[in-house]
Structures are given as structure tokens and as C-alpha cells.
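*Asks:* Task: produce atomic coordinates for the following.
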Amino acid sequence: MTALPWDEPAGQRALESGDDAQWRAAWTGTGGALIHAAATRTGLPEPLLRRVTSTSTRAAARAASLELASHLQQITALTSQVQAALSGDTPTWMQRPNPHLDGLPPSAYLKTSAGRARLGTYLQGLLSGAFG
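*Replies:* Below is the predicted model of the structure:
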């Protein structure tokens, strides 16, 4: 049996309070349904998630791919870390320029795996108290 993205450990369970039934149902649907489910779980706007996953309107109408699901799972896990570190308005924080991230908003780091890794390192520093 193939492991699905939400079954894989990501250091932290992605948004424990999320509705797993909705998330799993979205996987069997279109890319757009999966993006909608991720937007619901993270609070991030769907246009932002489509942009950082390079998902066009046409691609969103097709069946969800494992690549898209994996990308969205990583974003969901990062959003969970933001919530743990800041206990605040995650969508606003993700879109506000941050001087610790070269003056870019954290959402600018969601598109590439290297960017997500850098954002993850920064968030781990926040959680450990290394960064302010």
C-alpha cells in the first residue's frame, strides 16, 4: 500500500485540529479540491497556494497529483509550526515582510523545497528561542 502524504511523519502532525476526513476526500478529487482543503486547514488564501504550487486553473480541474499533495502537506506542516511558534494570525504573518527572512514575506519561501527548508529552520529557531 502506498503511503499518502498525510500518513507520512513530518516532524509534527500537520494541523492536528484539521478535518482529516475532508483532507482525505480532497485527495480523491481534483487539484483544486486539494488546494481548497489546504486553504481551509492553513487559513492561507487559495490564490496564494495556487501560486506557490504553480497550479494553473486548468491543472486545478484535473485529478490531484502526488507532487501537489506532498507540496501542500509540507506547507500545512510549516503552517502548523507557525501556529505553534506565534500563537497568532498565521495568514497575516505568512504574508508580512520579515526582516529575518531578507525582508521577504515567509510565503515567498513556500514555492521551492530549499525555501521551505529555510523557513522551517527559521521556525525551529523561533520555537527554540534562538530567534526573536
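*Asks:* Pro105 and Met94 touch, don't they?
*Replies:* Yes. When contacts are counted by CB atoms under 8 Å, Pro105 is listed as touching Met94 (6.6 Å). For the C-beta atoms, the positions are set from N, CA and C on the backbone; glycine is no exception.
*Asks:* neighbour count winner among those two?
*Replies:* The residue with more neighbours, out of Pro105 and Met94, is Met94; 24 against 16, by other CB atoms under 10 Å.
*Asks:* Run through the neighbouring helices and strands of the helix or strand hosting Gln73.
*Replies:* Gln73 is part of helix 66-86 when elements are defined by DSSP states H and E. With contacts defined as 3 or more CB pairs under 8 Å, 6 or more residues apart in numbering; DSSP states H and E, the packing partners of helix 66-86 are helix 31-42, helix 46-52, helix 90-95, helix 113-128.
*Asks:* From the centroid of this structure, which residue is nearest?
*Replies:* With distances taken as CA atoms, centre = their mean, Ile75 lies nearest the centre of the chain, 1.6 Å away.
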